[in-house]
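# no sequence on this one, just coordinates:
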């Protein structure tokens, strides 16, 4: 295990949290340099819950002109980013305001990258490191992706490859995030479960890492326990403010890199690359795919990992799911941990197999090829996975 690792941490994103927090939107846009805004959102839910009217009324009251890009779908598309960028440039927009879920925020980030870098934004999704971005503000209406505070953005290339590309750089963080738990009350039980698993996975990717940082473990384990406790409550009672508030905070702090503190991030997780091509190819909910793949990935680690890797799975179960801490048989503790994890996943209405996820299982090779890249490829992570390993993990859930 690597010892405590040096790090830089710059939150960058200003968080305004609480009931009615969206009333601050015009002030925040001005504070962060916005003079003409593009609103980016999905369907009609933001109008149904009233936040759309609140935002445009406040912008109008402060005489801040705006244009709009609606129609964002889950698993955001490159083609819509292109469309939004064209509009933003022709309208001389200088601030992007996303309202909705992670897909709206990720779409906004793609547009903002193009605005700041002379249209050519796609290079940043394929290897070039961005150093600047037009300012983005976010008003999330679901607790899930954490994109409202993260340097991450994920977009499906529906123009050329039909693959999902993701990047994570500090420069991509929004300048502000308005967090009002009441805006998540209308989220369906299914999407609440999707969001809870997505939040949990963002901690998993930072917990299963080559690291030796006690305080980092405490932050991660506490955040996961929060999601384990409050996910089922929000699933059963959508208007429970305490549960919605805890999940909204967990969403933000699971993905703002605080949980990376003191931890080597060169090889971490592995669950996101395993899932990314599932939702990219089949257009399924990212959190639902993670629900299927995370236990299978942990099962593979338990079956084939090193003593330290298996012990990490066992520690995960003991600290997060109250598994029996008797480490006389570490592998047994790890297997019990996975079972407890699966039980929690079902408690928030999420699937555990490809069949339950609703995707076909007759083209496993395409998924593995997209994930690993080639037969000799390696998927880096907490436990590096070759082509055979990825195939076996996917085979665990082909039921």
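Great, that's in hand. Values in this document were obtained by computation on a predicted structure and should not be read as measured data. Numbers count the residues shown, from 1 in each chain.
# so where do the strands sit in the chain?
Here the chain has its strands, by DSSP state E, at 14-17, 37-40, 66-69, 95-100, 136-140, 152-156, 164-168, 176-179, 378-379, 385-386.
# Name the surrounding residues that touch stretch 199-208.
Contact partners of stretch 199-208, identified using Cβ atoms under 8 Å, 6 or more residues apart in numbering, comprise 143-144, 146, 216-217, 220-221, 223-224, 227-228, 231, 247, 250-251, 254-255, 259-260, 263, 265, 268-272, 287, 290, 294, 301, 312, 316, 381-382. (Glycine included, C-beta is placed from N, CA and C.)
# can you list the domains in this structure?
14-184, 190-396 (automatic domain parsing).
# Output the ones you listed as CSV; include the columns mean pLDDT.
Shown next, in CSV, are the domains of the chain (pLDDT from 0 to 100):
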stretch, mean pLDDT
domain 14-184, 96
domain 190-396, 92
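# what's the span of stretch 118-137, first residue to last?
20 Å (Cα to Cα, to the nearest Å).
# right, I mislabeled it, should have said stretch 16-25
End-to-end span of stretch 16-25 (Cα to Cα): 10 Å.
# so what secondary structure elements neighbour the helix of greatest length in the chain?
Longest among the helix segments of the chain by residue count, using DSSP state H, is helix 214-236. Packing contacts for helix 214-236, counted by 3 or more Cβ pairs under 8 Å, 6 or more residues apart in numbering; DSSP states H and E, involve helix 189-207, helix 241-254, helix 307-321, helix 330-347.
# Would you mind finding the most buried of these?
Greatest average neighbour count among these goes to helix 189-207 (a mean of 26), per mean count of other Cβ atoms under 10 Å.
# just how off-centre is that helix within its chain?
8 Å (Cα atoms, centre = their mean, to the nearest Å).
# 229 is where my numbering starts, stick with that
In the new numbering, first residue 229, that becomes helix 417-435.
# between it and helix 442-464, how many degrees?
170 degrees (axes from the mean of the first three to the mean of the last three Cα atoms, to 10 degrees).
# angle of helix 417-435 against strand 364-368?
Using the same axes, to 10 degrees: helix 417-435 against strand 364-368 is 130 degrees.
# Residue 389: which of the helices and strands packed on helix 442-464 is closest?
Taking Cβ to Cβ, helix 417-435 is the member of the helices and strands packed on helix 442-464 nearest to residue 389, at 23.5 Å.
# I'd like the distance between the residue lying closest to residue 528 once chain neighbours are set aside and residue 395.
Excluding its sequence neighbours, the residue lying closest to residue 528 (Cβ to Cβ, 6 or more residues apart in numbering) is residue 621, at 5.0 Å. Using Cβ to Cβ, to the nearest Å, residue 621 is found at 24 Å from residue 395.
# Compare neighbour counts for these two and give me the winner.
More crowded of residue 621 and residue 395, by other Cβ atoms under 10 Å: residue 621, with 23 against 20.
# what sits against the spatially most central residue of the chain?
Centroid-nearest residue in the chain: residue 373, 3.1 Å away (criterion: Cα atoms, centre = their mean). For residue 373, the contacting residues are 329, 330, 331, 333, 334, 380, 423, 426, 479, 483, 514, by Cβ under 8 Å, 6+ apart.
# So which bits of stretch 280-296 are buried?
280, 282, 283, 284, 286, 287, 292, 294, 296 (16 or more other Cβ atoms under 10 Å).
# which residues touch the nearest residue to the first one once chain neighbours are set aside?
What it means is residue 280. Using Cβ to Cβ, 6+ apart and skipping residues adjacent in sequence, the residue nearest residue 280 is residue 274, 4.4 Å away. Applying Cβ under 8 Å, 6+ apart, one finds that residue 274 lies in contact with 280, 327, 328, 369.
# so how far is residue 376 from the second one?
Read it as residue 327. Distance from residue 327 to residue 376, counting by Cβ to Cβ: 11 Å.
# Can you tell me which of the contacts of residue 373 is nearest residue 233?
Closest approach between the contacts of residue 373 and residue 233, by Cβ to Cβ: residue 483, at 19.0 Å.
# And the closest one, how far from residue 246?
20 Å.
# And the two? Which one has more around it.
Neighbour count, other Cβ under 10 Å: between residue 483 and residue 246, residue 483 has more, with 27 against 12.
# picking that back up, let me have the buried residues of stretch 280-296 in a markdown table, adding distance to residue 235 as columns.
Below are the buried residues of stretch 280-296 laid out as a markdown table (distance: Cβ to Cβ, whole Å):
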| residue | distance to residue 235 |
| --- | --- |
| 280 | 39 |
| 282 | 38 |
| 283 | 36 |
| 284 | 40 |
| 286 | 37 |
| 287 | 38 |
| 292 | 37 |
| 294 | 38 |
| 296 | 39 |
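# which ones among those are found in helices?
Per DSSP H, these map to helices at 280, 282, 283, 284, 286, 287.
# Throw those into CSV and include distance to residue 575, thanks.
What follows is those, written out as CSV (distance: Cβ to Cβ, whole Å):
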residue, distance to residue 575
280, 33
282, 34
283, 35
284, 39
286, 39
287, 41
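# tell me which of these is nearest to residue 307?
residue 280 (23.5 Å).
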